[in-house]
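*Asks:* no FASTA, just this:
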């Protein structure tokens, strides 16, 4: 798999801007991932750059 590592806390903070309910789910159910030391991997084929 080719993808992008993104800090999990940063990803959820960005998600909060567009979908606060989804971000709240991540904060409630996976707080251990949001300590600033964990990363999500986003599949490159599923990513789209918005400028």
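*Replies:* Now that the structure is in, tell me what you want to look at. Because the structure is predicted, anything quoted here is derived from the model rather than measured. Numbers count the residues shown, from 1 in each chain.
*Asks:* any chance you could map the helices in the chain?
*Replies:* With DSSP state H, the ranges of helices along the chain come out as 8-18, 20-29.
*Asks:* any idea of the angle the shortest one forms with helix 8-18?
*Replies:* Right, the one you point to is helix 20-29. 150 degrees (axes from the mean of the first three to the mean of the last three Cα atoms, to 10 degrees).
*Asks:* contacts for helix 20-29?
*Replies:* With Cβ atoms under 8 Å, 6 or more residues apart in numbering as the test, helix 20-29 has contacts from 12-13, 15-16, 33-34. Using the backbone N, CA and C atoms, a C-beta is placed for each residue, glycine as well.
*Asks:* grab the nearest non-local neighbour of the spatially most central residue of the chain.
*Replies:* Residue closest to the average C-alpha location in the chain (Cα atoms, centre = their mean): residue 11, at 3.0 Å. Leaving aside its sequence neighbours, residue 11 sits nearest to residue 40 (Cβ to Cβ, 6 or more residues apart in numbering; 5.2 Å).
*Asks:* residues touching the one you found, list them.
*Replies:* 5-6, 8, 11, 33.
*Asks:* then residue 44?
*Replies:* Residues near residue 44 by Cβ under 8 Å, 6+ apart: 1-4.
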